[in-house]
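Novice: model this:
(one chain, ligands or ions: 2)
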Amino acid sequence: MADAVTLFEVGPRDGLQNEPRSIPAKDKIHLVNELSACGFQKIEVTSFVSPKWVPQMGDAAEVLNAIERRAGVSYAALTPNARGFSDAVAAKADEVAIFGAASEGFSQANINCSIAESLARFVPIIEAAKVANIPVRGYVSCITECPYDGAVPPDTVAAVAQDLFNMGCYEISLGDTIGAATPTTINGVFDAVLERLPAAVLAGHFHDTNGQALANIETSLARGVRVFDAAVGGLGGCPYAPGAKGNVATEAVAQRLATLGLDTGLDVQRLQNAADFAKELRT
Ligand code: HMG
Ligand code: MG
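Specialist: Ligands and ions are numbered 1, 2, ... in the order given. You can find the predicted model right below:
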């Protein structure tokens with residue numbers, strides 16, 4: 001087992017998108033600045049989605065334009081369509097993420113189209129990103145369970161993951177959107193996905209609804225994955241995934257990885273300070 005793991009901090013986006021209270025942009029900017037000092041290489045700052053769908057992210061451009069940028073940190077944003085992509089580029093996103101799903105029910109609820117339609121919608125984003133030299137990450141949501149369709153077949157996850165990778169995503173983040181996965185079901189997902197893609201291009205994105213996220217991370221580590229998404233303070237949830245609780249807390253993942261002898265390069269004390277501030281933002 002290699003001894004380094006990358007934590008992709010998604011708290012400012014996945015963590016805050018579901019908060020019912022309108023959080024002032026200045027607090028989001030402060031959170032990102034605190035996170036920048038922790039040693040992350042990747043911070044997902046915001047999403048350029050419809051403010052009618054996710055009002056909390058309506059200040060995406062304001063936040064991304066105002067953060068203090070540290071050398072070596074890639075500041076990322078979600079972009080569901082061509083408009084979101086051009087707005088993200090205008091606000092100087094270093095990388096973007098397109099987000100699809102392995103279940104039709106969640107795809108419809110989250111981005112108002114089928115899986116096939118979503119892949120077609122992502123093509124112009126990928127093409128524009130290639131021209132602009134901006135890396136694109138791909139999410140696959142509902143890798144084991146969908147809040148609308150129930151159990152999701154691993155082969156469907158693998159097919160969507162491969163489609164996103166073949167389109168040009170540099171990395172595929174496999175999302176347990178509602179935190180329903182267990183080590184057994186996660187192993188089933190990897191059995192299917194690793195037949196098509198190497199672990200080196202995969203990331204794990206675990207919500208912690210049932211307290212299984214750390215076990216799922218350990219399972220993923222054993223399958224060779226070395227990148228995990230996490231939200232400082234355990235903030236989060238998806239407005240279109242009823243029952244989805246927060247992402248696994250970054251500080252808990254960092255601690256568990258340290259006990260396993262795996263280095264995240266993070267400043268534990270600064271991370272705890274950022275987590276304390278993130279929790280204060282909660283309603
Ligand atoms: P739609 O209603 O089908 O699209 O939504 P539309 O093109 O008809 O647009 C509707 C309105 O939104 C229009 O405004 C557009 O201009 C506007 P109106 O004419 O009615 O005034 N609009 C936009 N505004 C700003 N930025 C844009 C944009 N696009 C359209 N980019 C759409 C389709 C994809 C836009 C919508 O469904 C949407 O924004 N969905 C995003 C939902 C979301 O953000 N979910 C949470 C993130 S995913 C997640 O959390 C899972 C993840 O963490 C992984 C995991 O846990 O599994 C990533
Ligand atoms: Mg998520």
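
Novice: contact partners of stretch 22-29?
Specialist: P12, L16, T46, P55, Q56, D59, E62, V63, A66, I67, L281 (Cβ atoms under 8 Å, 6 or more residues apart in numbering). C-betas here are computed from N, CA, C, even on glycine.

Novice: buried residues, that stretch. List them.
Specialist: Residues of stretch 22-29 classed as buried by neighbour count (16 or more other Cβ atoms under 10 Å): I23, A25, D27, K28, I29.

Novice: with adjacent residues omitted, what lies nearest to A278?
Specialist: G233 (3.4 Å; Cβ to Cβ, 6 or more residues apart in numbering).

Novice: also V54?
Specialist: Nearest non-adjacent residue to V54 (Cβ to Cβ, 6+ apart): Q17, at 5.5 Å.

Novice: how close does the one you found sit to N65?
Specialist: 19 Å (Cβ to Cβ, to the nearest Å).

Novice: between those two, point out the one with more neighbours.
Specialist: More crowded of Q17 and N65, by other Cβ atoms under 10 Å: Q17, with 22 against 13.

Novice: show the contacting residues for that one.
Specialist: S47, V54, Q56, M57, G236, G237, C238, P239.

Novice: what's the pLDDT at the third one?
Specialist: To tie it back to what came earlier, the one meant is Q56. On the pLDDT scale, Q56 is placed at 96.

Novice: I figured it hits E19, correct?
Specialist: Yes - with contact defined as Cβ atoms under 8 Å, Q56 reaches E19; the gap is 5.9 Å.

Novice: so the two - more neighbours on which side?
Specialist: Counted by other Cβ under 10 Å, Q56 and E19 do not tie: Q56 has more neighbours, with 21 against 16.

Novice: spatially nearest residue to the more buried one (excluding sequence neighbours)?
Specialist: Q17 (5.2 Å).

Novice: wasn't the one you found part of a helix?
Specialist: No - counting by DSSP: H, G, I helix; E, B strand; the rest coil, Q17 is not part of a helix but coil.

Novice: and the stretch 151-283 of the chain, which residues reach ligand 1?
Specialist: G175, T177, H205, H207, C238, Y240 (Cβ under 6 Å from any ligand atom).

Novice: likewise for the stretch 1-150 of the chain?
Specialist: Counting by Cβ under 6 Å from any ligand atom, the residues of the stretch 1-150 of the chain near ligand 1 are 14, 17, 47-50, 52-54, 78, 80-81, 83-84, 99, 110-112, 139, 141.

Novice: can you say which of those are buried?
Specialist: Using 16+ other Cβ under 10 Å, the buried ones in these are 14, 17, 47-50, 53-54, 78, 80-81, 84, 99, 110-111, 139, 141.

Novice: among the residues you listed, name the ones in helices.
Specialist: Under the assignment DSSP state H, these contribute G84, N110, I111 to helices.

Novice: state the mean pLDDT of stretch 97-115.
Specialist: Computed over stretch 97-115, the average pLDDT equals 98.

Novice: can you give me the helices for the stretch 151-283 of the chain?
Specialist: Counting by DSSP state H, counting those that start in this stretch, the stretch 151-283 of the chain has helices at residues 154-167, 183-193, 213-222, 250-259, 268-280.

Novice: and which of the ones in helices among the buried ones among the residues of the stretch 1-150 of the chain next to ligand 1 is nearest N216?
Specialist: N110 (21.2 Å; Cβ to Cβ).

Novice: any idea how far the closest residue in space to that closest one that isn't next to it in sequence is from D208?
Specialist: The shortest distance from N110 to any non-neighbouring residue, by Cβ to Cβ, 6+ apart, is to Y240 (4.2 Å). As defined by Cβ to Cβ, Y240 lies at a distance of 18 Å from D208.
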